[in-house]
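Q: Sequence first, predicted coordinates after that:
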Amino acid sequence: MAAASWRRQAPWLALPLGALQSLAFAPFGIWPLGLLALVLLWWLWEGARPRQAAATGFAFSAGLFLAGTYWLYTSIHTFGEAPIALALLLMFGLVALMGSYTALLGALLARWAPARGPWRLLAVMPAGWILMEWVRGWFLSGFPWLAVGYSQIDAPLAGYAPVLGIYGTGLAAAFTAGAVLLAASVSARHRLLLLAVVVALWGGGALLMRVEWTHPSGPPLTVALVQPSISQDLKWQASNREHTLELYHQMTESALGARLVVWPETALPEAFEDAVPYLKSIYRDARAKGTDLLLGLDRFDAAGEQPYNGLVALGDDIQWYYKRRLVPFGEFFPVPKFVRAWMRLKNLAFVDFLAGAPDQPALDAAGQKIGVTICYEDAYAVEQLAVLREATLLVNVSNDAWFGDSTAPHQHLEIARMRALEAGRWLMRSTNNGVSALIDPHGRVVARAQQFEVVVLRGEVVPYTGLTPYAVLRNWPVLGGTVLLLAVAGFAGRRRRALSVA
């Protein structure tokens, strides 16, 4: 009776568990909670019927994303000026979508997975969890935020990132969670065996962190990241335009002499075409000091109607990178015409940006090949791998001012750290108001600017060449491994059922 009562309460228990797991990610970084939350969720799933398992899984992810991405409301309503009702609809819509993935996983596990035991906890549950994270990372445009692997960036399991990527790191974490739960129900001898396997898994991660998968390809070069800390609600005001232009000019002038100066995403309150006279002056001074520029700017298409979100390299030549992954309801609006008519009626500002080509080459700047991502497209791990065959440095520019003083900029920095680790490259992260940082090939933050400070972050980065195993193999080993685990577990389950009938 007591067990049945616990099961009935499982969804309500799972909601705070999901919120608890959000503390495993930046800025809190309590990485053991990433594992503990999985252990407890999977315990709640033990013996649950499909409908109950679905409700429990939905509640868990609802708690995780409500606590972990509450800043969407700030972006949509406070700075995007959307009505409260629309902001809540979009925020809870995303939470519901994220919850539906975990709900489906819970229902499938309850219907098809072994009820309990090693196969369930060491194979089916970890493999199913990582496949679920992978699917939600690309389906319907995808939202790969808060994947469990990110919570391990400062733990030994991060050593698997250059080999198997974010999902391989997550698989190691999920296996550990399953082993911990299994250890509570087996004999002392089997418990020691599980402990030995987990120690070997974690020790292997620690040893892999010592491996140099890539190597320096030249001397260090000096860089300067411009962080002007302009509030999003002031940036586009006409009365603030001259102040913004003067601030960027002064900060850039102070940084000249560095081999490379980087501005954040959509730095100026006007498009490239309108800023050409202003930029010519800065470019002339930069060339005189031997400095190349990477500037985040909007640029209109040939017809002058739709903008690109771009990064322009001003060195010996002028080159552009255009953002490929646009933000739904931020940079494009996937809504029917009648909704657009309503938005016009309500005087809501909206414009559809154009997406850049998926196969853009690295930019030439400061004598290096630089792989670029803009804003949250660095969360799509596999999409930056192709450029690593030529890129010696990585840059991510972002405008996290959209999220105010929230956890979002810290979570975004954590994602950037994982990308640097997977790629074995230095990564320069330039943002409007933080967190700007220089990240080394091991995913360590070597220098960072304080949030909301007007500062030029100076430092040195080293160009690297070579490819990590993950850059070569991508997600295929993890995807193949998880499918194989599920297939073997399914075959073993059918064989056991056949023997029991016989």
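A: Received the coordinates, thanks.

Q: Could I get the pLDDT score of Gly165?
A: Note on Gly165: pLDDT of 98.

Q: Could you do the one 3 residues further on as well?
A: The predicted structure scores Gly168 at 98 on the pLDDT scale.

Q: What's the first helix or strand after the helix or strand hosting it?
A: Using DSSP states H and E, Gly168 sits in helix 161-183. Using DSSP H and E, the helix or strand that follows helix 161-183 in sequence is helix 188-208.

Q: So what are the sheet partners of the helix or strand following that next one and their directions?
A: Next in sequence after helix 188-208, counting helices and strands by DSSP H and E, comes strand 215-216. Take DSSP bridges as the rule and strand 215-216 pairs in its sheet with strand 464-465 (antiparallel).

Q: And the helix or strand following the strand it pairs with, what does it pack against?
A: Next helix or strand after strand 464-465 toward the C-terminus (DSSP H and E): helix 469-473. Other helices and strands packing on helix 469-473, by 3 or more C-beta pairs under 8 Å, 6 or more residues apart in numbering; DSSP states H and E, are helix 161-183, helix 408-423. Yep, even glycine has a C-beta here, placed from its N, CA and C like the rest.

Q: Kindly calculate the angle that the last one makes with helix 161-183.
A: Spelled out, that is helix 408-423. Helix 408-423 and helix 161-183 meet at an angle of 110 degrees, taking axes from the mean of the first three to the mean of the last three C-alpha atoms, to 10 degrees as the criterion.

Q: mean confidence for helix 408-423?
A: On average, helix 408-423 scores 98.

Q: Please tell me how far the longest helix anywhere in the chain is from the chain's geometric centre.
A: With secondary structure taken from DSSP state H, the chain has its longest helix at helix 84-112. Taking C-alpha atoms, centre = their mean, to the nearest Å, one finds helix 84-112 lying 19 Å from the centre of the chain it belongs to.

Q: Buried residues, that helix. List them.
A: For helix 84-112, a neighbour-count test (16 or more other C-beta atoms under 10 Å) marks 86-87, 90-92, 94-95, 98-110 as buried.

Q: what's the answer for stretch 254-273, then?
A: For stretch 254-273, the buried set under the neighbour-count rule, 16+ other C-beta under 10 Å, comprises 255-256, 258-269, 271-272.

Q: same check, this time on stretch 428-443
A: Buried-residue list, stretch 428-443, by 16+ other C-beta under 10 Å: 428-443.

Q: do the same with stretch 445-452
A: 445, 447-449, 451.

Q: In TSV: those, plus distance to Glu331 and pLDDT.
A: Shown next, in TSV, are the buried residues of stretch 445-452 (distance: C-beta to C-beta, whole Å; pLDDT from 0 to 100):
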residue	distance to Glu331	pLDDT
Val445	28	98
Ala447	30	98
Arg448	27	97
Ala449	25	97
Gln451	24	94
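
Q: Quick one: the residues you listed as CSV, columns for distance to Arg189 too.
A: Shown next, in CSV, are the buried residues of stretch 445-452 (distance: C-beta to C-beta, whole Å):
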residue, distance to Arg189
Val445, 43
Ala447, 50
Arg448, 48
Ala449, 53
Gln451, 52
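
Q: which pair in those spans the largest distance?
A: Greatest spacing in the buried residues of stretch 445-452, by C-beta to C-beta: Ala447 and Gln451 (14.3 Å).

Q: So what touches stretch 250-262?
A: With contacts defined as C-beta atoms under 8 Å, 6 or more residues apart in numbering, stretch 250-262 is touched by 221-226, 228, 263, 282, 285-286, 289-295, 365-367, 395, 397, 428, 430, 454, 456, 458.

Q: cool, and stretch 134-141?
A: Stretch 134-141 is contacted by residues 97-98, 101, 142-144, 147, 167, 325, 328, 380, 475, 478-479 when judged by C-beta under 8 Å, 6+ apart.

Q: as a whole number, average confidence for that stretch?
A: Stretch 134-141 comes out at a mean pLDDT of 93.
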